[in-house]
Every structure is written in structure tokens, then in C-alpha cells.
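Undergrad: Predicted coordinates and the sequence they were generated for:
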Amino acid sequence: MIVANYRNNTLAPEELFFHKVFWSNQLAGELAETSCIPDYIRAKNSTKIDSQFIFELPVDLSNKITKITQGSDFSIYLLLLTSSVIFLHKYFDRDEIIIGSPSYQTLNDNVIPLRFKLDQQLTFKEILERVKDTTIKSYSYQHYPLTDLVRQLKISEQANRCPIFDLVIALENIHRLNTLEAINNDIIITFTVENNHIKGKILYKSSLFKQQTIELFGKYYINTLVANINNIHNCQISNFSLITEGGRTQILQEFNHNSREYPVTQTIDSLFEVQVNKTPDRIVVSYKKDRLTYQELNQKANQLARSLKQLKIQPGEFIAVVKARDINFLISILAILKVGGVYVPIDSTYPAERIKYMLTNSQVKTVLSDADSLESLNELIIDCPEVKNLICLDEDKETGRRRNGKINYVWFSSEVGNSDNLNLERKGTDLAYTIYTSGSTGTPKGAMIRHGGAINHIYAQFEALNLTQDLTFLQSAPASSDISVWQFLAPILIGGKTIIVDTETICDPEKLFQTIQQENITLLELVPVVLKDLLEYISNLVPEVSQLPCLQWMMVTGDSVSVDLVNQWLSLYPTIPIVNAYGPSEASDDITQAIIEQPLPANQRTVPIGKPLANLNLYVLDKDLQVLPIGVPGEICVSGYGVGLGYWRNEEKTQASFIPNPFPETAKPLPGVETDLLYKTGDKGRWLPNGSIEYLSRIDNQVKIRGFRIELGEIEAVLNQHPEIDIAVANVLKDDSGDKTLLAYVVPKNISLVNDSQLILQLRQFLETRLPQQMIPSALMSLPVLPLTPSGKIDKRALPEIQDTPREFIPPQTVTEKTVAIIWQEVLKRSQISVDDDFFELGGHSLLATQVISRLREQYQQEIPLRSLFEEPTVAKLATYLDSMQSLQQLQTIPTDIASDREEIEL
């Protein structure tokens, strides 16, 4: 036995002090969380352990354990406890484990926390010695009450769970178990020794865990125990694996058995040209009132491609497209691909500094744009030395407003020029596009994707969703998003139709619903926040009006979708499946998806992201790149046709995230590619028994908000560039409905600037010139210091709630101010709006801004630019702007013909 005659009496004051000091040191620093991921949502009301899984160790194993402990200085419990610690270390992929251990039968009623730190290079025997020392020492101070310990450590208590540990390990022969119910743990593992036979029980809450989950947990535990006892002396724990050979084969071979033959050796534009020959007169694309047939689209793309060729575009050269989404955007994509270029989509609404960085980093020589974006582009490309050509895609030459500069200004007209195919020799391994994603160091990263990868994704979706030439796809994603690639291109490769809609329509549920009906959309893909608003609108319609007879699939992507939202859709449209798609830009968009045709259990915690798409291998790996079995959380990784080349001009990030596939027996390299790369997504997930994957969280500091991938580190890096800021931290607040709010906290260099409203205003303006709108925090707060954990890390859980700053309420006075204020109240769901309230400080963001502008356009029956709200963010300023617009409504914009020293070429 490891415990000798401890007293069961009240501690004297001096003893209490020493106990308190011991536990303060023992549990100092940030405490690791050792809790099993539940299958179901944790109930607010208390639930108790009500189920059990019983197992018995093999007779030879029990005998071996008994024999090992006889005559040694450690007990059966210590041996089982050590094996449990190693198992949990592997299961949670943590170097620190905290578990509960009950008092001994003759002692007081208490459960003490045992904290163990492990090293991968240690052997079982070495860890056994550590466990023994820690356990004996901790039991020497076991009289200190757990409740006092929680208060002392200032650990926030959580409803319906123990705040320090979720797992308890006990040996019924020696431990007091009657106090465990009050501790309210999720899982208790107990052992009983009878006549040298060791039996075990896993007690658990059926309100949190499925029986199958616990059975797998028990199976892995026994496997680890067997491996530990058989290799007790020499084997390092790094060599232990939770997975059996059969389990490894199931995951690597069965779950990834998806090889298909697709035309991945060709290029996107060549496949489009094949389809043009099949359906030349069929409508292929529409935007507002404009429509083109396959032949017309191909001819215009060929004309633009030949214009690019005259500019001596080289194969593999990057060409930027900086403009709003419309038919010309699709023409630009095809033209760039036809000439052998790589298209780089850049959102024209980005701040000038961000656009400038992308143009400079990508080293583009040619930029395609239009009159609406040209004026601002002319200002910033002066600082982009590589840019030589600026092509305006407007048909009317006079709409191209120009300023002085030394860039070749090219006016493109599709009315003249050779419209035949170029028929250049290219292949599927050539680069097709580069998408810039948020970067943790403060600068975006350019993810490079091949033709074959994009084609594989598109054709895998054709097969998975049984798509045909009847496909009518709503192109809804921003052009800078990887989602936009297949939305633009999938229909045109199969004889279908791409319906391009502007952001205003997407963000207005009524307009969006009408578009879906009027355009006979068959495939709809939205981010969850847009779908949520759409369903809210539909739920108020009468059944006769809410029908969507043509819609076949509802896809959600870009962010985690809730079970409630899935069930809400299926309750309204039980015959239209919902597809939960998941995938990173670095792997050609979607890599898994789940097709959901029946409502999910209301208490299910998450919506699975599904099974791997064709010609892709999915893995869940630990930090040593070892395959993890079903149910065990790890990093989601992908290899196969869709994985790109890495990040443009960023070798360090590329080498960290793109590695040669460590499982060569599963390799599926894109034909023509020598090395099968594995991409580490940075997402945590786990396999489910049916071969689907469950997404759990991010491993790093990245989040997704309204479908945009955002590195919190990038926001922090930009804030830290401000001369008045010492340190900054960004955080995300998630409410009960799943909506996310981006927040930022700063510590000024000058303490007098804490709570300075002018500093917050300056910071917001500073961010707006450097980051896209979706990355601007909804609220900022200055603090004298940031809260830290005992180990010195920023404690995000201790960051204060950002309260609305009390401001004097100034009611709207003019008719325009009242109109604006009413619209803001409805969109922001606020009871009152002051004329000097800032739209974005009240929680507004780009999607809500679009709704405001849409309503104002309807109210005033005139075009109001979206940027007006960003430039005039208060009621008073926006109302003044609208009044000035109304007074000038009858005036026409006069094209400015400014003499220029740029060379003007008409193509």
C-alpha cells in the first residue's frame, strides 16, 4: 500500500497553511484540460453518471500485473494509474495530465487532483517512478478540501462539471467512492481485484456520451495497458500507439477508398472549350439582366486572352483581377487560363494597403479591372513597381477614368479581334490560381492551386451530388474566396448555368429568396450566417409562397453550421438534403462533405463534416504524425490530387504546412506530380465510426467568421504596428446562437491613454486602412495590462467584457436621419440609435452594412455605394451624405479626360 496511517481529523491552522502552500505550488500555472469530448451538448441542469461499461483484463495480463507488483515498492493501483496516465497522454496528445483520485477507505471524504508531466522519451518504468512520487506526496496533503482548492486557485466553476478534472481513476479495494457523486465528474474508471483477477468499469453520463464512444475508449485503454505491461522496462512511451494494425488499415485504406478517373491531366479552359462545342447556344452565365451563351462567353474570353498574349504574357505568369463579381470577372478567369496565366483574385473593397501588398507580393505585371475600381487602383499601383499593364474591361472607352502615370493603359473591347481558341499546349499540373488567405504574421499568404486539383474537386462534386447539365448554380461567394472558384467554373464544365449575384442580394434575405425562385436555382451554397437570415425570412412566409421546386441541394460551407440550423432547414424543406462541406484553400476547396437528409438529434453537439471526396486521403494525426484511431482527437491532414504547391514566396510557411506524405502506401499524387504532399490544416477533428470526420476546433489562432478565414495573429500584428500600442490581443466571443463577434484589447504605451475614446477611434481608422472589413473588430478596449495566467501567457478567458460606452443620446432630427436610424434599429436589433452612434461600434459588419444600403436604395430609388456607410459610419454623417446625393440626383457624372503620359493601347 502507498498510504500509511493518515489522520482523519480537522487540520490545525499551521497544517492548513502548509497544505495550502503545497497545493498552490502543485497546481501553479495553466492547468491542462483532461476531458473527453462529449457526443451531446452539456445540459444546463445537473446530470449524473447513470451508465457503465464493464470489462475484464485477460487472465494472463492480470497474472502478470500481480506478479510484477509482488515484492516491489509499488502497488497494483500505481501500476494501473501509470498506465492510465500514459493512455490519457496519448488520447489527448498532452504532455500534462490531471486526474482525480479518491481518499482511502480509512480517511476523510475527499478527491484529490493528481498532476503528472510526461516526456516522450521516458519509459514506462521511469513514468511509474514519477507517478509513485507524485501520488505519495499528494496524498500527504489530501485533507485540504477540494472546494477550498477551487476557490484558492480562482478557477471559474462550470455548471454540471468538476472544474479541475473530468476523469477519476480509482481502485474499489482501497478507495472511498461515496463522495464521487458530489464531485460530478463525467467519467470514472474503477478497478476491482478479486483472486488475482482484475475487472474494470467505466462509469459515465449517458447524457454526454454514446455507448459506442465509451466502448472505444475502453478498448484503447486495454490496448495501452497490454502494451505497457509487455514493455515495462525499455520501451519509450513515444513508441506506444493507441491504434491497432486493423484499425490503421481501416482508416488508411477503407475510409480513404475513393480513387476515381477524372480528366485531371487537362486544364479548366480546355474542358470548357469541349463543352462549348457540345452546347454552343445554351445560356451559360447571367448577371442581373446580362446573359451569355457558351459560344459568346468563349469568344469574349478568347479575345481577351489574345489581348493578354499581345502583352507577352508568359506561361505561369500571375495576373490579378481586381473588380466586382460579374460576367467580365468570369471572362477574365477564362482568358487568363487560356493564355497560360495564373489568376489572382483580389477583392476590390480591400483597403489600399492590402491590395498593394498582394500586387507586390504576387509580382503581377498585369492587372484586369474596370472603371469602378480603376480610379483607386491608379493611385496605389504607382507604388507597385512590377505592375506594367492595367486593362480596363469596360466596353465604353470613355468610362475608363485615368490619371498620370507610366502604366500601359489598355482598353479592351470584345467587339473586335480574333475570337478563335488559342490552343496552347498546357497540362493539369500547371498552376491555375493563387488565393490569398489571412496570415498570422500580419501579411496574407498566397495558396497556389493546380488545374488538376481544381478539376478533381469539381468532378468529385459532379459525382457526389449527381450533377448534370441541368445544374444552375448561384455564384454567391466573394471573388477572393476559394469557394468562388467552383461556383464560377463547375456549371460551365458540365453544360450548366452560373448565376452571378452581387453581395447586396446575398445579404438581403428577400432578394436572395426571390433570386433562388426566379432563376430556378438547383444548387445553393451559403455560409451559415447568411442561411440563418434566409431561414428567418422564409419561416414567415406562407407555405404556398415558400416553395423551392427546382432546388436540389443546400450546401453550407465556410464555417461550422449548427445542428439547429440543419434541422431548421430540413423542417422547412424535408426533400432537399443539406450538404455540410469542409475544406481549406490550400487543398482546392472542399475535401470532405456530409449529406444530411434526416434531422439530427437536437442534443447532438456538432454536425459532422463528412467523408473524404474522391482522390483525397484524410488523416487525423497526433503531433508526431502518428495515425489516431476512431474517436481520438488530432490534427486533420489531407493528401491527394487537391493539395496545392504551397504558399507563394513563403518557404518557411510552406515547409511547416506542406510535407511529404508520411504514409507512402496511401499516396495519391496528381498525375504528373512526383511528390504526394500532405497538408496540415491546423484544424482539430476526430474520426467517427462510420468513416465521417467531426470538426472540433482550431489548433492555432485562426477563426472563421461569416465564412472568412481570419488569423487573430494578423489583427494583433497590425495593431502592434500602431505607434501608441505596446501589446494587443484579438479574441472571439461566441453567443448562445453560435454567432461570433470579433474583439480586440490593447495596452497603450502611455498609461494615460487607457479608456481614451480618441485612441479607440484612431485604432479603428488605422485598421480600416490595412485590413478588410471582415477583420475589423466589432469592439476595441484599452487596458492598463493584459490578464496573464500563472505561466505568463495571456489569459483570454479573463479578458473583461466590452461594455457599450455610455454616450449622450441625441435623437434624429431630420427626415433623412430618422429614416437612417429606423433602418439601423431594424438591422442591428437596437431599441434606439443616436445620431452620432458608429454603425460598426454597435456591432455592424459588412453583411449588415449591405442590408442597410439595400434598404436605403429601395427607400430613395437611387444607387448608393456600399462604401458610403464605411466612410460615413454615423447616422448624422450618412444622412448628410444622402441629402447631398439627393440634391445632385439629376446631375450626371462627367467623364474626365485627363492628359496622360501613359501609353494607351486599344485591343
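TA: Looks like it came in fine. Quick caveat: nothing in here was measured; it's all calculated off a predicted structure.

Undergrad: show me where the stretch 651-800 of the chain has helices.
TA: 651-657, 712-720, 757-768 (DSSP state H, counting those that start in this stretch).

Undergrad: among the ones you listed, which is nearest G558?
TA: Closest approach to G558 among the helices of the stretch 651-800 of the chain is made by helix 712-720 (17.4 Å; Cβ to Cβ). Placement of C-beta: from N, CA and C, glycine included.

Undergrad: any idea how far that closest one is from the chain center?
TA: Its chain's C-alpha centre and that of helix 712-720 lie 18 Å apart, by Cα atoms, centre = their mean, to the nearest Å.

Undergrad: Pick the most deeply packed of the helices of the stretch 651-800 of the chain.
TA: helix 712-720 (a mean of 22; mean count of other Cβ atoms under 10 Å).

Undergrad: Kindly format the C-alpha coordinates of it as PDB.
TA: Only the C-alpha atoms of helix 712-720 are listed here, as PDB (Å, rounded to 0.1, in the frame of the first residue of the first chain):
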ATOM      1  CA  LEU A 712      -6.200  36.600 -35.000                       C
ATOM      2  CA  GLY A 713      -2.400  37.000 -35.100                       C
ATOM      3  CA  GLU A 714      -2.700  39.100 -38.200                       C
ATOM      4  CA  ILE A 715      -5.100  41.600 -36.400                       C
ATOM      5  CA  GLU A 716      -2.700  41.600 -33.400                       C
ATOM      6  CA  ALA A 717       0.300  42.200 -35.700                       C
ATOM      7  CA  VAL A 718      -1.400  45.200 -37.300                       C
ATOM      8  CA  LEU A 719      -2.500  46.700 -34.000                       C
ATOM      9  CA  ASN A 720       1.100  46.300 -32.700                       C
END
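
Undergrad: Quick one: residues contacting the nearest residue to N418 once chain neighbours are set aside.
TA: In this structure, N418 finds its nearest non-sequential neighbour in R306, 5.5 Å apart by Cβ to Cβ, 6 or more residues apart in numbering. R306 makes contacts with G417, N418, L422, as judged by Cβ atoms under 8 Å, 6 or more residues apart in numbering.

Undergrad: Pull out the buried residues from the host helix or strand of Q568.
TA: If you go by DSSP states H and E, Q568 is part of helix 563-572. Within helix 563-572, the residues scored as buried using 16 or more other Cβ atoms under 10 Å are V563, L565, V566, N567, Q568, W569, L570.

Undergrad: One more: stretch 111-121?
TA: Judged by neighbour count using 16+ other Cβ under 10 Å, the buried positions of stretch 111-121 are V111, I112, P113, L114, R115, F116, L118.

Undergrad: Now intersect the residues you listed with the strands, please.
TA: V111, I112, P113, L114, R115, F116 (DSSP state E).

Undergrad: S103 is in contact with the first one, correct?
TA: The one in question is V111. Yes: applying Cβ atoms under 8 Å as the test, V111 and S103 come out as touching, 7.2 Å apart.

Undergrad: buried stuff in the longest helix along the chain?
TA: The longest helix of the chain (DSSP state H) is helix 211-230. Neighbour counts using 16+ other Cβ under 10 Å place 213-229 of helix 211-230 among the buried residues.

Undergrad: Who are the packing partners of it?
TA: strand 51-56, helix 59-69, helix 76-92, strand 187-194, strand 197-204 (3 or more Cβ pairs under 8 Å, 6 or more residues apart in numbering; DSSP states H and E).

Undergrad: And those: which comes nearest I268?
TA: helix 76-92 (43.2 Å).

Undergrad: Show the model's pLDDT score for the residue most central in space within the chain.
TA: Centroid check for the chain by Cα atoms, centre = their mean gives K704 as the closest residue, at 4.1 Å. Looking at K704, its pLDDT is 70.

Undergrad: Nearest spatial neighbour of L878, chain-adjacent residues omitted?
TA: Spatial nearest neighbour of L878, excluding adjacent residues (Cβ to Cβ, 6+ apart): E872 at 4.4 Å.

Undergrad: wait, isn't L167 in contact with L203?
TA: No: in this structure L167 lies outside contact range of L203 using Cβ under 8 Å: 10.7 Å.

Undergrad: follow-up on the earlier one: per-stretch mean pLDDT over the helices of the stretch 651-800 of the chain, give me the minimum one.
TA: helix 712-720 - the lowest mean pLDDT of the helices of the stretch 651-800 of the chain, at a mean of 81.

Undergrad: Report the distance from the longest helix of the chain to the chain centre.
TA: Its chain's C-alpha centre and that of helix 211-230 lie 32 Å apart, by Cα atoms, centre = their mean.

Undergrad: please begin residue numbering at 17 from this point
TA: Happy to do that; since the first residue is 17 now, the last one works out to helix 227-246.
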